[in-house]
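Novice: no sequence for this one, just the structure:
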């Protein structure tokens, strides 16, 4: 083989090596978040990156080895495509995430803590790490809903490491091990006794002054509160005159009305403008007050119209709005609107004609001491069209794009406890996914419906589950009910099959294809053609206990020739013209074939197995 067949040309080598170093930088940007993080998948990512870097550093003739270059390039590309970096709503996500913050990696939250490991909808479950910035603390171990369970480790201020047992995120009484991480290599075995909120170490009294253990909670900082200043200004009415000072015009009145200078002008409805006037129009900073000196407007005026400033509630001097205003004194531009006590913001952002129109935030008023974000994102004429809606407890309610009816396109809806409620494609606030599967979960986070939806109901291929997560119905749906080929299951421990066949409006309706029904122990209950959930067949079969009935059924009842077989006695009986299960069973009983005392087919099992 010639040299040209086994190596790159010089130009190609340089280009490819440049690409390798560019890939290395991109991979390093991602891997840097996971150094010193003890998690199997995250460690594997770091190992692959270090392996590539070592091969580049150690191989002096790497540019002569085509196969090695290609291997390194492919490994780095795989790492880059696997590990995404996403910044959204103040959060930083690094890792392999599906939609809705689920996957493996890291999430750094804006209110002071970071989680590493296997994450489900923003919650750490399984092996992982939580770092709390404010307390300079790291928690290591196995987590259940962000809380340490079983053996775990707390590292405090990078100085002390405490190993102990945890329940629901709280360290419990028992043996613990304490290590000093800086300076001397001291390890202490101690007995931890917890009495209420007081924690005592029986061994090494001096540790009490240096180590403080506490059960940790994550809280979002309170919203900033704004309180407006208030002014009361009044001046006596002036006579007609012109005032100069140092030969400069200071104030001019014409016919009892201020024409130029600082002062006030009474407008219709007994309201007064206060400030600097030119040609009897207010320009610059000014105020508008009513007859009782209640402040109505305060800010920058142009031609007696406020263009930027503050608007107060009538007759209360309480700040109502502040920002940029239009000619009709409606917020237009950047501004804020307050609740009626002015201590808490009701809306803030970009306004047009008094409505949020652009990036903005809308708040709940929880009580007299607290407000909470209600909606945040991009608004159009007062309606949130892209962003996030929240519950009053601060948990996310909905996230995505919106119209007046609700969510549209790809989005998610959550329960008030933070667990996912619905995810996928929406139309007018309802799940409506014709091309991609969507899902619905209960308040415990268990998926209860998944598939294709129309107007909020399963429509097409889908699956419905019991609250326990076990299968309930699988198949084709229409308007939320099985409609086509499908299966229905019992809610028992084994999750056994109840019936299968063609359905219509949620009931077996197999008029050309055999359908089957089963008892909970998997024994066969009935077989044949069905209509509206009942046997309707000229050769149907019904099984109960040791009996087998075969023949003509209508609406689940005998309606013509019918044979009954006793599998224990091997006896048979045939009738040709009876039209109910009861009359047929009485005839079979008289013939000595049916030995039961109840003349119906109710049973818990049959001897028929498939």
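Specialist: Everything's here; your move. On a predicted model such as this, the values are computed, not experimentally measured, just so you know.
Novice: host element of the spatially closest residue to residue 366 that is not a sequence neighbour?
Specialist: Leaving aside its chain neighbours, residue 366 sits nearest to residue 372 (5.4 Å; criterion: Cβ to Cβ, 6 or more residues apart in numbering). No exception for glycine: its C-beta is placed from N, CA and C like everyone else's. Residue 372 is part of strand 370-380 when elements are defined by DSSP states H and E.
Novice: Then residue 587?
Specialist: Per DSSP H and E: residue 587 is located in helix 581-590.
Novice: Also residue 249?
Specialist: Counting by DSSP H and E, residue 249 is part of strand 248-254.
Novice: for the stretch 501-610 of the chain, what spans make up the strands?
Specialist: Using DSSP state E, counting those that start in this stretch, the strands of the stretch 501-610 of the chain run over 507-508, 515-518, 524-528, 530-531, 534-535, 537-544, 547-554, 557-566, 572-575.
Novice: Could I get the ones you listed in JSON lines, plus columns for distance to residue 110 and mean neighbour count?
Specialist: As requested, these are exported to JSON lines (distance: least, Cβ to Cβ, whole Å; neighbours: other Cβ atoms under 10 Å):
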{"stretch": "strand 507-508", "distance to residue 110": "51", "mean neighbour count": "21"}
{"stretch": "strand 515-518", "distance to residue 110": "53", "mean neighbour count": "22"}
{"stretch": "strand 524-528", "distance to residue 110": "57", "mean neighbour count": "22"}
{"stretch": "strand 530-531", "distance to residue 110": "57", "mean neighbour count": "24"}
{"stretch": "strand 534-535", "distance to residue 110": "59", "mean neighbour count": "20"}
{"stretch": "strand 537-544", "distance to residue 110": "63", "mean neighbour count": "20"}
{"stretch": "strand 547-554", "distance to residue 110": "66", "mean neighbour count": "21"}
{"stretch": "strand 557-566", "distance to residue 110": "67", "mean neighbour count": "20"}
{"stretch": "strand 572-575", "distance to residue 110": "77", "mean neighbour count": "16"}
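Novice: among these, which is nearest residue 55?
Specialist: Nearest of those to residue 55, taken as Cβ to Cβ: strand 515-518 at 59.6 Å.
Novice: could the strands of the stretch 501-610 of the chain be laid out in CSV, adding mean pLDDT and distance to residue 600?
Specialist: Rendered in CSV, the data for the strands of the stretch 501-610 of the chain read as follows (pLDDT from 0 to 100; distance: least, Cβ to Cβ, whole Å):
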stretch, mean pLDDT, distance to residue 600
strand 507-508, 97, 20
strand 515-518, 98, 16
strand 524-528, 97, 14
strand 530-531, 98, 19
strand 534-535, 97, 14
strand 537-544, 96, 9
strand 547-554, 97, 11
strand 557-566, 97, 11
strand 572-575, 96, 16
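Novice: As JSON lines, those with distance to residue 265 would be great.
Specialist: Shown next, in JSON lines, are the strands of the stretch 501-610 of the chain (distance: least, Cβ to Cβ, whole Å):
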{"stretch": "strand 507-508", "distance to residue 265": "79"}
{"stretch": "strand 515-518", "distance to residue 265": "87"}
{"stretch": "strand 524-528", "distance to residue 265": "91"}
{"stretch": "strand 530-531", "distance to residue 265": "86"}
{"stretch": "strand 534-535", "distance to residue 265": "87"}
{"stretch": "strand 537-544", "distance to residue 265": "94"}
{"stretch": "strand 547-554", "distance to residue 265": "93"}
{"stretch": "strand 557-566", "distance to residue 265": "94"}
{"stretch": "strand 572-575", "distance to residue 265": "107"}
